[in-house]
Structure formats: C-alpha cells, structure tokens
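> Quick check, what structure comes out for this input:
(one chain, ligands or ions: 1)
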Amino acid sequence: MAQSAKPNGKIWNSFYGPNMGYVEEQYDLYKEDPSLVDPTLKTMFDTHGAPEWMGHKGSGDVVSEGISSADVRKITSAMKYIDAIRRHGHLKADIYAVGGWHEETDLLNQDKYGITDEDLKNIPASWLWDKAPANIETGYDVVQTLLKIYTGKVSFEYDHVNSNEEREWLLNRIESEEFNLNLNAEEKKQLLHRLIEVEGFEQFLQKTFVGQKRFSIEGLESMVPVLDRIVKSANDDKIEHIMMGMAHRGRLSVLAYVLGKPLDKIFSEFHHAPDKELMPSEGSMGINYGWTGDVKYHFGATRIVENDDASTRVHLAHNPSHLEFVNPVVAGKTRAVQDDRSEKGYPKQDLNKATSVLIHGDAAFIGEGIVPETLNLSNLKGYRVGGTLHIIANNLVGFTTDRRDSRSTRYTSDLAKGYEIPIIRVNADDPIACMKAIQLAYDYNQTFKKDCVIDLVGYRRYGHNEMDEPRTTQPALYREIDQHPTVTEIFGSQLKEEGLLTDEEIQAMKDNHQKELQTIYDSMKENPLTGISELNMPEYLANSIDDYETAVPLEDLKKLNADLLKRPEDFNVFKRLNRVFKRRENILEEGQKADWGEGEALAFASIVKDGTPIRITGQDSERGTFAHRHLVLYDTETGEKYCPMHGLDDANASFDIYNSPLSETAVLGFEYGYSIQSPETLVIWEAQFGDFANVAQVIFDQFISSARAKWGDKSNMVILLPHGYEGQGPEHSSARLERYLQMAGENNWIVANVTSSAQFFHLLRRQAQMRGSEEARPLVVMSPKSLLRNERVASPAEDFTNGKFMPLRNQPNLKVSKKNAKRLLLGSGKIMVDIEEAIENSEDKFDWLRAMRVEQLYPFPQDQLKKEIEQLPNLEEIVWVQEEPKNMGSWRYVLEYLRELTKDGVKIRYVGRPERAATSVGEPNVHKVIQEKVVNEAINPAKGGNNSEGN
Ligand SMILES: Cc1ncc(C[n+]2csc(CCOP(=O)(O)OP(=O)(O)O)c2C)c(N)n1
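Numbers count the residues shown, from 1 in each chain. Predicted coordinates for the structure are as follows:
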C-alpha cells in the first residue's frame, strides 16, 4: 500500500460489510456538522466526498485501485488506536513525580488494534491526523508524536466536555506547536530562580523556626511559578482583579512570592509564636487583621501588579481551617467586582474584569461536598464568574490518609467531569510542563469563560505538618520521597545539560537567596514589628445603631408604589396576580394597610432610590417561597420576565434578584463573599425555611458571625430565615433562633424577630443605611410564613412615613395601665401576634397586664426595658413567653438579661413548651392544642404552675 497510499477518489469502494454502515453513519453526521466526526474521517470526507455506494447500495465489495479491503481495515484500526491515545493517554502518562501508580489497561496496547508499526508506516500521516505537522509523514510518526503528547508529563481529559467547539479547540491546541511554549533561555533561568526562592524560603523557615508548623509547599514548589504565570497573563490581558482562595498547604510561600507579603512580616509571625505545644493545629498566632486574630495560615493578602498598560489587583481571601468552604466566598467576591451596580435594572456584568483561582487539596477536593456545590454555580446566570482556574495541589496524601482510602474514583479530579470541566494533569517535577499546562488552562478559561482544572501532581516532602511523622503511615511512599531529588535539583540539572547554567551559578543563586533571607530576618529581630493588636472589639461597634432615620415621605412612597405597578407595554400578567396587584394600588391610602410583601417591596424600592444596590437570592426568591414577593413576573404568552423593581423612575442603583440552585452552603458563602467585597450593596439571602440554614452552618460559624473579629472582613448582609410554629412539623417551624443568639457577641450581628411590615421596612432601611460604615454588621431575621398574610402585621402608611425601627415594641391593642400592671409579659415573634388575637377575643380587660415585644433580640434592648420596668411600680412578675421549646428559642438567652433587670421581689417566669428533643410535634392538631395552652397561660391572671422559673 505504501506506494499507492495517496488520496484516491475511489477509496470508499474498499469499505464493505459493517464498515460501510459505520462510514455511512459518520458521513450523515459529517453532513450535519463536520466537527462531529473523527478528524481523520473528516479529512477523508473533505478529500473524497461521499462514499460512492451511498447513491447505489450493493456495490460495496469493490476494491479500489491499489487499495485492498484489508488496507482499509488497517486504516480504520489505526484511527481507533489514535482515538484511544487521545482519550486514554492519561492512563499511561508520566504524571507521578513519586508514588507512580498506573492501573492495568490494554486500551493503549497497539496489538489490541491489530496493527503493526509496519502497517502504520504505510499510511500517510494526513489520513490519520488532518493537522499533522509537516515533518510527520506516516501513521507511525503520528502515533509516536501523539503518544509523546498524550502520555508525557502533561495529560488531558476532556472527552466529557459536551461542546464540540471546546473539544476541538482543546484538541487542536494540545496537538499544536503553540502548546509547547518554547521558553527561551532567560525564561528558563527565571523559572529555576523562582523555584530556588520557594525551596530556599521553606528551608530557611525549617532551620530558623525549628519545630514550628508551616505546611510546607515542598514537593509542589511548581505551584508558585504556575500562579506567577496566571498573574502575568491576567495582567497582560488587562484583567483588573484576580481573586484567589486556598487552604494551608503552601500558603506561606504563596503569600511571600505571589502576594508579595513582606518576608519580615512572615518571620515576625513565627517569631511572636507562643509555646508551640499550645498552638492550634494549623500554626501560631498571626498578626491580627481583626481584633482577636487568627493563625497565620488563614490570613489573606492583596497585591497590585502593574505593567505599562494595566494594573491588576491580586487578592487572596482569608479563610478558616474548614477546607474548601472559602470557594463560594471567592466566587461571590469575584462576581461582586464584575458587577456594575450603579444603574437601575440588573447589574451589568463584565466577565473580563476579574478572574478567580482556587487551590484545592487532593483529599479535600473529592471529599468535601462544598466543592461540587460550588462547581454547580459556575454556569448559572446569577452566579457565574466567567470560569475559575482550579489547581489541585495533589500531594497524594490527605493528612495520614492514603488516596485509595480518600476516594472511590480513579483521580481526585474526576468530580469535575460531571461539570464538563476539562482536566489537565501535570507532573509537578517538570516546571516547564507545568507552565504549558497552566497556559493552556488559562487560555481555555479566557476563551470560553469556563472553569478548568489543573491536577498538579507532586508529593509532600514532610508529614502533614513538619512535626508529623509520615513514615508511620506511608512507609513505602516516604522511602521513595526520602531518596527523591528536589525540583530545583531536577530542573537545575536539566538547565545544566542544556548548557544554560553551571553548577557554580546555580549554587550562587541559592547562596545569595539564603543571604537575603538571613539579612531580612536579622533586621526583623532588631526591629520587631508591633503587630499584635488589641484584643477588644473596636469602639465604633459599640455605637448605638438606633439613630438611623429610616422614614420615607408619603409622596415618595406613593410614587414608588405606583412605579412598582407599572408593566411594559403589552406585558401579559397572570390573571390571578393582577388581582393582588390591584389591591396594592391603595395600600398607602387613609384606612388601608400594607402587608408584609408590600412593606418589603416599598423598603426595597426606597433603598434603591437612595442609591443602594440590592442583591437578593434564595430558593424561589423571585416569587417568594410563600408567594408574597412576585418581584419577577412572567408574561403569560411569551414567558418573558419582568422585574417591577426595574420600572422605578427614580431608581439610582441596580436591583438583582435570582432564584438560587438548591444549595445553602455554597449560595450563602457566595452571597457573603459578595457582601464583603461590595459593602455598598445590600445583599440578602433567604432560606426556603429557616431550618435549612443549618446546612450552611460552617458559613455562619466560620465567616458571617466571626470573620470581622478574626480578619476584619465587614459584611452588612441580611439573612431571612422563615420561622414560626404553625403546625407544619419539626422541620418547618424553627429557624433555630437559639443558635444565632448563642453565637451573638461583640455586636457581631443583629438578630431580629419582627411582627409588622413597617418594622421590617425600617429594619431593612437601617441595614441599608449602615452600608460601608464601621457599624455595619450582618442582620439575621426570623421572617414570617403565615404572618405574611395576617392583617395584624400589616401597617398603615403613617408607620412607614414616621418613626424608625423599634427594638422593643408595645403589644398593639392592649390598653396600658402602668400603675396597675402586675405582670410584664415579654415575647418575640408570632406568639405575640397569637396573644394579641387571644386578648382581643377575651372578655378580660387585662389592665393588670403590660405586654411588650422584643423585636430585636441582639443587641438586646436592655436600657429601654430597664426604663419600662422602672415605670411599673406594682410589678410582681416578668413572664417570658415563647413558642419554641424551653431548651430552644430565646429563653435561656434572655434570662440572663432579665435577671440583671429584675428588682427585688419580682419573679421571672417562663411560659412555653417544655424541653424537647425535636423542635415541634408533627401532628397539626396536637400543635394547635399546645399553642393555645401556651397563649392562655401567658395571659392567664393565675401565676405559677409547672413553668415557673423563679428568680
Ligand atoms: C472541613 C475540614 N475537615 C477536616 C479538616 C482537618 N484537616 C486539615 S488538613 C487535612 C488533610 C487535607 O488533605 P488534602 O486536601 O489532601 O490537603 P493537604 O494537606 O494534603 O495539602 C484535614 C483532614 C479540616 N481542616 N477541614
């Protein structure tokens, strides 16, 4: 066949039997879209056109001149083999620096395809590889070249990417010369220099701060030049922000060499370290950013990188020990800098403004559920950030746990396949391969604005930390690591062989760097940094937050309300909704009231008018889980969407609203990140029912409640948690109010449980006004369900146009006789509305009863309550009533305040459900009976009983 192996017009005649069917099928696909067929077949179709028999079936066993059917079988086999190399090359790739492990497979065994080297040599290269470089002549050369590409130090998995365009782009790029980068001598020397710096820095820490943990990067040093390359490329591309997140591994080297954190600062953090035995598991106390601070492995940093044309802000987010939970926070921060919120409508997102980079541990990436939860955000319109570059810092071990015990999948990166993310795996011992890998990933990310994973496979030179002995659990692996040269030794030898550097020059680079480090360290010792800051909350957080003026003039409200009811021309509103909106026309008139949803809409509209952008997300937040919001409408004919908030003539900022995916942790983390990055925005996250917020406990514990004290990150985000005992069972009653009160301290957030639409209006407006101020802090609201439509929580216009948020509020419709009052009944939320109704339905005049609602539980309105109590001369008891069981809700939290406030002889009593394991009973009728009992006992003049707490 060799001499006749030239394009032949009759080539199709040599196909017969099943092969004909295959080729026919492929031709049909080719006609549909040429990129759908194997590149080799595409070339054949391009060159020879349609198989001749497709017009006249039955003549298929004709063999064309000079080509036998056996030859054609060989071509088909060669094509299959080449396809296998492209798809499965990763199975044999040289990606393990140590601990090499390849599963048995015959997928890349040439014999399996029934083809010999000789056969391959007889096939012209262009038949098998349409873009074969000019120097590649035969099928044999094709196979050898592709084996080199696909089983070398970089391997690829992208078969799972659904887009043909993307797959083709990847294939062409991987197989083109462009992929090779061809670094020049200077670039190679710089690369070695960077690796020497990183290795030298870690070794310097090791010998200078003996026994201190640093979570060394050694074994994955190439991660630093990989990040350098991202920074350089992004800066060249005029990307304004690089948002990064990473865990402990290698963080100090990244801080020092990528973020440019001053080395004396880092040394100082080691220097100030207290007794190492007492240190937390991830290191010593760092220099504080908040007032209580954190260990040094958790702090982030920011650096500005500039070239002649552009400036790029490189930012590493602070993060807690909880691995991977920073991922959605970084995504939220990235989105925040991409969104322009200055005009009405949805914000205008510019994907080119920022890119994000997440560095993962190999055990954490596959193990922690927050990883897929965050990946799922990547292509949703409310959350996309134009793709994230994921780098798995793969050191083969998770603490002491072997990779085979860490995952059920072949690779740690396999998870990414479900999200159609291309995976590039690279041997960390080959820095040039790492550069090629990251450039490909970066270019893919920028071209398609999608995620890409780099699985950077190296090892861990020491134990999990430097004091941990890895040889007890991974003896074989560490026998190998102990003998393994460092990356600078490997790469240094390579550059020596290439004649670029001598041994002496490499040694001089190392010595000079050590000298630099020593000089910085010595000067740091002489001038110790006075970085350890105060341990108390700053004064401004103790300032009152009660002074914000939040009322809105009636005329303004009326105009906003009218605008909210405008619709685009020809917009077809769902009929039943039209009735709801009709009602809204009059809510601000004399004698009318605005219910919860209407109050909320007025709050949002007035906030946007004031120039504060709003972003609200949550499961079903557009309509509202309980159908009270309707801030996104659907045209009944076209399905087109319209947000009434975008029709406000006077809006001075954007209003962003999305239904979130079914996630709490990733979505809340995202919104939190958004809020700290854009303090001028009112960011609101709404749980479907408050119970579900406990899925996101880590975000509450590690970020929202404590990040300011630890790291100085400020958020004024709002968290709406539907709460209230309404007979819906244990999972739809309680938002676990007690948890937020237990975590309350140092004015870290506001916890409220309000009972009127005007109160909610003022609360939201106050929160918006705090934006960007030092007093800013998150707000957690126990929001209503059935109360949404309860007339008793609706408010008249004057409550919106006057006054402000009241942390402590009189029970409505109860005539107060301060002199006669024997009982002060206190409670919060829906139970007080139930009591209001019971009082109205009772014959009793209740002149012995003073009742008040604590609408802001934290900070507790202690001074106001004190004044109230002082005005009740004949008070005998204070009764706290709640709907939650005694071991939940606010009872144990308020008891301490009440004890401080109570005068001698006045008793404190609890009325409510007893201690319970489950939040509520399941049977609605039982609930009703219990609820009535609690309400009746609260307003029953008789005292004592089982619920008496005493003082
Ligand atoms: C959510 C969470 N669970 C457990 C830990 C404790 N922990 C700290 S590091 C570590 C091992 C992580 O392994 P890997 O992801 O491979 O990263 P490496 O330390 O090897 O770089 C564990 C289990 C943690 N920090 N966070």
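> for the ligand, what are the nearby residues on the stretch 401-550 of the chain?
Counting by Cβ under 6 Å from any ligand atom, the residues of the stretch 401-550 of the chain close to the ligand are residue 464. Using the backbone N, CA and C atoms, a C-beta is placed for each residue, glycine as well.
> Taking the stretch 151-300 of the chain, what residue is nearest to the ligand?
Nearest residue of the stretch 151-300 of the chain to the ligand: residue 249, at 3.3 Å (Cβ to the nearest ligand atom).
> And that residue, how far from residue 425?
According to Cβ to Cβ, to the nearest Å, residue 249 and residue 425 sit 18 Å apart.
> Could you do residue 553 as well?
63 Å.
> So those two - more neighbours on which side?
residue 425 (24 against 11; other Cβ atoms under 10 Å).
> Make sure the more buried one is indeed in a strand.
Yes - applying DSSP: H, G, I helix; E, B strand; the rest coil, one finds residue 425 inside a strand.
> Skipping its backbone neighbours, what lies nearest it in space?
Nearest residue to residue 425, sequence neighbours excluded (Cβ to Cβ, 6 or more residues apart in numbering): residue 455, at 4.2 Å.
> quick one: low-confidence ranges for the chain?
For the chain, the stretches flagged by pLDDT under 70 are 1-21, 52-67, 272-288, 526-534, 944-951.
> where does it come near the ligand, residue by residue?
So far as Cβ under 6 Å from any ligand atom goes, the chain lies against the ligand at 249, 321-323, 361-364, 368, 393, 395, 397-399, 464.
> show me the contacts for the residue in the stretch 651-800 of the chain that the ligand sits nearest to.
Closest residue of the stretch 651-800 of the chain to the ligand, Cβ to the nearest ligand atom: residue 698 (7.4 Å). By Cβ atoms under 8 Å, 6 or more residues apart in numbering, residue 698 lies in contact with 320, 322, 325, 370, 665.
> got the contact list for the closest residue to residue 110 other than its chain neighbours?
Nearest residue to residue 110 in three dimensions, chain neighbours excluded: residue 81, at 6.1 Å (Cβ to Cβ, 6+ apart). Residues counted as contacts of residue 81 (Cβ under 8 Å, 6+ apart) are 110, 113, 115, 143.
> before we move on, back to that, let's verify the residue nearest to residue 425: helix, strand, or coil?
With three-state DSSP as the basis, residue 455 sits in strand.
> repeat for the one 4 residues further on
Reduced to three states with three-state DSSP, the structure at residue 459 is coil.
> Which residue would you name as the spatial centre of the chain?
Closest residue to the average C-alpha location of the chain: residue 328 at 0.7 Å, with Cα atoms, centre = their mean.
> Quick check on the residue nearest to residue 110: phi, psi?
The phi and psi values for residue 81, taken as degrees, to the nearest 10, are phi -60, psi -40.
> What is the distance between the helix or strand harbouring the residue of the stretch 651-800 of the chain closest to the ligand and the centre of its chain?
Element membership of residue 698 [criterion: DSSP states H and E] is helix 697-698. Taking Cα atoms, centre = their mean, to the nearest Å, the mean C-alpha location of helix 697-698 is offset from the chain mean by 13 Å.
> Just after it, pick out the following helix or strand.
Helices and strands here follow DSSP H and E; after helix 697-698, the next one along the chain is helix 707-711.
> Okay, strands next: where are they in the stretch 851-951 of the chain?
856-858, 877-885, 907-913 (DSSP state E, counting those that start in this stretch).
> Now do the phi/psi pair for the residue in the chain positioned nearest to the ligand.
Using Cβ to the nearest ligand atom, the single residue of the chain nearest to the ligand is residue 361, 2.0 Å away. Main-chain dihedrals, residue 361, degrees, to the nearest 10: phi -80, psi 150.
> Surely it touches residue 249?
Yes - using Cβ atoms under 8 Å, residue 361 is in contact with residue 249, at 6.0 Å.
> Helices of the stretch 501-650 of the chain, start to end?
According to DSSP state H, counting those that start in this stretch, the stretch 501-650 of the chain carries its helices in the segments 503-526, 554-564, 575-584, 596-609.
> buried stuff in the second one?
If I follow you right, that is helix 554-564. The neighbour-count check on helix 554-564 (16 or more other Cβ atoms under 10 Å) flags 557, 559, 560, 561, 563, 564 as buried.
> Name all residues that make contact with the residue nearest to the second one when sequence neighbours are not counted.
The reference is to residue 559. Leaving aside its sequence neighbours, residue 559 sits nearest to residue 650 (Cβ to Cβ, 6+ apart; 6.8 Å). For residue 650, the contacting residues are 556, 559, 560, 563, 609, by Cβ under 8 Å, 6+ apart.
> ok, those vs residue 806, which is closest?
residue 556 (21.7 Å; Cβ to Cβ).
> Residue 781: what secondary structure?
Look at residue 781: counting by three-state DSSP, its state is strand.
> ok, now how distant is it from residue 749?
As judged by Cβ to Cβ, residue 781 and residue 749 stand 11 Å apart.
> Residue 388 now?
Here residue 388 is placed at a distance of 29 Å from residue 749 (Cβ to Cβ).
> what's residue 310 sitting at in phi/psi?
In terms of degrees, to the nearest 10, the main-chain angles of residue 310 are phi -150, psi 160.
> which element is the nearest residue to it once chain neighbours are set aside on?
Excluding the flanking residues, the one nearest residue 310 by Cβ to Cβ, 6+ apart is residue 238, at 4.1 Å. In this structure, residue 238 sits in neither a helix nor a strand according to DSSP H and E.
> Quick one: the strands in the stretch 601-750 of the chain, in order.
Taking DSSP E, counting those that start in this stretch as the test, the strands found in the stretch 601-750 of the chain are 614-618, 633-634, 641-642, 655-659, 682-686, 718-722, 750-752.
> closest to residue 150 out of those strands?
Closest approach to residue 150 among the strands of the stretch 601-750 of the chain (Cβ to Cβ): strand 655-659, 40.6 Å.
> strands paired with that closest one, and their directions?
Strand 655-659 sits in its sheet next to strand 614-618 (parallel), going by DSSP bridges.
> Run through who's touching the strand it pairs with.
Contact with strand 614-618 is made by 347, 382, 604, 607-608, 625, 631, 645, 653-660, 667, 671, 674, 681-688, 720, 768, as judged by Cβ under 8 Å, 6+ apart.
> Which residue, other than its chain neighbours, is closest to residue 209?
If the residues on either side of it in the chain are set aside, residue 209 comes closest to residue 270, at 4.4 Å by Cβ to Cβ, 6+ apart.
> need the contact list for that neighbour.
Residue 270 neighbours (Cβ under 8 Å, 6+ apart): 205, 208, 209, 212, 284, 296.
> Go ahead and build a PyMOL selection from the buried members of those.
The PyMOL selection below is limited to those of the contacts of residue 270 classed as buried (16+ other Cβ under 10 Å):
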select buried, resi 205+209+212+284+296
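> TSV for the contacts of residue 270, including secondary structure?
Output for the contacts of residue 270, formatted as TSV (three-state DSSP):
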residue	secondary structure
205	helix
208	helix
209	coil
212	coil
284	coil
296	coil
